[in-house]
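Engineer: What shape does this take:
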Amino acid sequence: MKNSAALPLLVIALLVIGASYGFSQSLSGLPSGISGAGVAYINITDMITQSSSTSALVGVTYTVRYNGSGNLNFTLIKANDIKLLKNGTAYKFSRILSPTCTVFLQESVNCTTILINNATYNDVFTLSYDYRMDYPINNKDIFNYTFVFIPSTPTQLNIKTFLPQGAFLPNSTYYSPSNAVFTSNGNTIEVVWSLFQVTAAPLPLPFSVSYELNSFSPNASGFPINAGTVIIIIIVIILVLMGIVVLTKNRKGKPDIKEAKPKKRTSPLVKVLNDNERRILGMLKRDAFITQKELTSKTGFSKAKMSKILSKLSRLKLIKVKPDGRLNKIKRV
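Structural biologist: Now for the predicted structure:
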């Protein structure tokens, strides 16, 4: 009899240890309860996109079919962009915000309780949200993800967790409960837990899995990108493009001061000149003559060398030579 009485206590102790381990690593949203008469059929899908060794983005979706009547409520931690559908249509819901909430003596900020009143037979609710999960810095490249569910009414529960792309399961992989099923579609690993007819109990049920990563996702950022954010980005891009079109139209027909200024012409023949010939050509102006004697004086070249250079430049039609008495005047063409 003593051994029979000790067995439930041992099971509860093991659940508390497993939950404490999972919460020391990370904590996701947790449904806080369902009140009323009936069975809740709940499918939970959570997809992890990890951007670094210290943070990840998690998108969570609950699909709830309530085979009964009464009130439903879900408590979410760090939830962003919460959406709720009833039978496929957007549904207004009440919420209670709390700056902190405590589970297993672990305090988590930003709790939101979603209240659904007077749910009727076979209503289907879809609840979705996302949140940022922070991993401890000293995790030694082993990441642990934990999801916690609090059964408050008989429930058929199915939880599917998609690990980040690049994740793999080492030999020392920790997971709890032990009935997890691991599958892969070639890109990501899926972890599935199923519990049937979970009875109401004050003890939360933790679902944990540890993994390692080959690489981090380049698509993940420090904050969740939702449909509203994408729409805003598209609108900004459209406005920028419209502004460019308007500016382009306004500029048509107006002279561009920089373009109206005549550009200097550079003959391709310049490429065949040597350094001395380019130097002489650079000293000449198109709007003023200079005498050959002045060029000889400025460069220090001999008269014969200067005559040879000017003769070549003249043959290439890069300069104009104008005799003026006993002097030759030169300017650039």
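Engineer: Let me see the domain layout of the chain.
Structural biologist: 2-222, 264-332 (automatic domain parsing).
Engineer: Pick out the shakiest of the ones you listed, pLDDT-wise.
Structural biologist: Across the domains of the chain, domain 2-222 has the smallest mean pLDDT, namely a mean of 75.
Engineer: how far does it sit from the chain's center?
Structural biologist: 23 Å (Cα atoms, centre = their mean, to the nearest Å).
Engineer: Pairing partners for the lengthiest strand in the chain, with directions?
Structural biologist: In the chain, taking DSSP state E as the definition, the longest strand is strand 55-77. With DSSP bridges as the test, strand 55-77 is paired with strand 30-50 (antiparallel), strand 106-119 (antiparallel), strand 123-134 (antiparallel).
Engineer: Measure how buried F125 is and give me the count.
Structural biologist: 22 (other Cβ atoms under 10 Å). C-beta coordinates here come from the backbone N, C-alpha and C atoms, glycine included.
Engineer: List the residues that contact the residue nearest to it when sequence neighbours are not counted.
Structural biologist: Spatially, and ignoring its direct neighbours in sequence, F125 is nearest to V64 (4.5 Å; Cβ to Cβ, 6 or more residues apart in numbering). By Cβ atoms under 8 Å, 6 or more residues apart in numbering, the contact list for V64 reads A40, Y41, I42, L72, V124, F125, T126, L127.
Engineer: Please, a PyMOL command that selects the buried ones among those residues?
Structural biologist: The buried subset of the contacts of V64, as determined by 16 or more other Cβ atoms under 10 Å, is captured in PyMOL by this line:
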select buried, resi 40+41+42+72+125+126+127
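Engineer: now the helices for this structure?
Structural biologist: 2-25, 227-251, 257-260, 275-283, 292-299, 303-315 (DSSP state H).
Engineer: out of the domains of the chain, which comes closest to V245?
Structural biologist: When these are compared by Cβ to Cβ, domain 2-222 sits nearest V245, at 30.3 Å.
Engineer: any idea how far the residue nearest to F125 is from T291?
Structural biologist: 99 Å (Cβ to Cβ, to the nearest Å).
Engineer: again, but for Y91
Structural biologist: According to Cβ to Cβ, Y91 and T291 sit 95 Å apart.
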